[in-house]
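[1] sequence and predicted structure below; questions after.
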Amino acid sequence: MVRLNPGETIVKEGTFLYDEQVPCRLLIVHSKVQYGTGDYQDPPELANDQDCDAFYIKFSSTTDVNHFNSGSGPFSSLSEAMTYAEAAPGLGHTVRWIDQPEQR
């Protein structure tokens, strides 16, 4: 079971190969919140949470494909998140999306 923050939904799922051989999962989730850094030294638009559509990539562990222990984002669209994943150094060329109806 994937743990999501309240209000998040999975909009895309795929796989990738870590080190060209270890199968892993990745998810793109949609959130109505763009999470801020929380760092008081950052400008308010970066430090504070913003109410807007945001997409985040979650990457699974190399030892447990149901444990998502790293991620990237926020991205402003599903397309932007997918493009980022597909271009990620060392794994992008191995990304394969699972066919499913896109929700966004």
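    Looks like it came in fine. Here the structure is a predicted model, which is why all the values come from computation and not from measurement.

[2] ok, which stretches of the chain are helices?
    For the chain, helices defined by DSSP state H occupy the ranges 44-47, 78-87.

[3] look up how far residue 92 lies from residue 10.
    Remark: distance between residue 10 and residue 92 (C-beta to C-beta, to the nearest Å) = 20 Å. Using the backbone N, CA and C atoms, a C-beta is placed for each residue, glycine as well.

[4] any weak-confidence spans in this structure?
    Applying pLDDT under 70 to the chain flags the ranges 1, 100-104.

[5] next, count neighbours for the nearest residue to residue 96 once chain neighbours are set aside.
    Nearest residue to residue 96, sequence neighbours excluded (C-beta to C-beta, 6 or more residues apart in numbering): residue 15, at 5.2 Å. Using other C-beta atoms under 10 Å, residue 15 has 15 other residues around it.

[6] and residue 15, what does it touch?
    23, 24, 25, 26, 94, 95, 96, 98 (C-beta atoms under 8 Å, 6 or more residues apart in numbering).

[7] neighbours of the residue nearest to the fifth one when sequence neighbours are not counted, just the number please.
    Across the structure, with C-beta to C-beta, 6+ apart as the measure, the residue nearest residue 94 apart from its sequence neighbours is residue 17 (4.0 Å). Summarising burial for residue 17: neighbours were counted as other C-beta under 10 Å, giving 15.

[8] can you verify my assumption that residue 17 contacts residue 25?
    No: using C-beta atoms under 8 Å, residue 17 is not in contact with residue 25, being 11.1 Å away.

[9] re the thing from before, and the helices of the chain: which comes nearest residue 60?
    Nearest to residue 60, of all the helices of the chain, is helix 78-87, at 12.7 Å by C-beta to C-beta.

[10] and stretch 67-84, what's buried?
    For stretch 67-84, a neighbour-count test (16 or more other C-beta atoms under 10 Å) marks 68, 72, 73, 74, 75, 78, 81, 82, 84 as buried.
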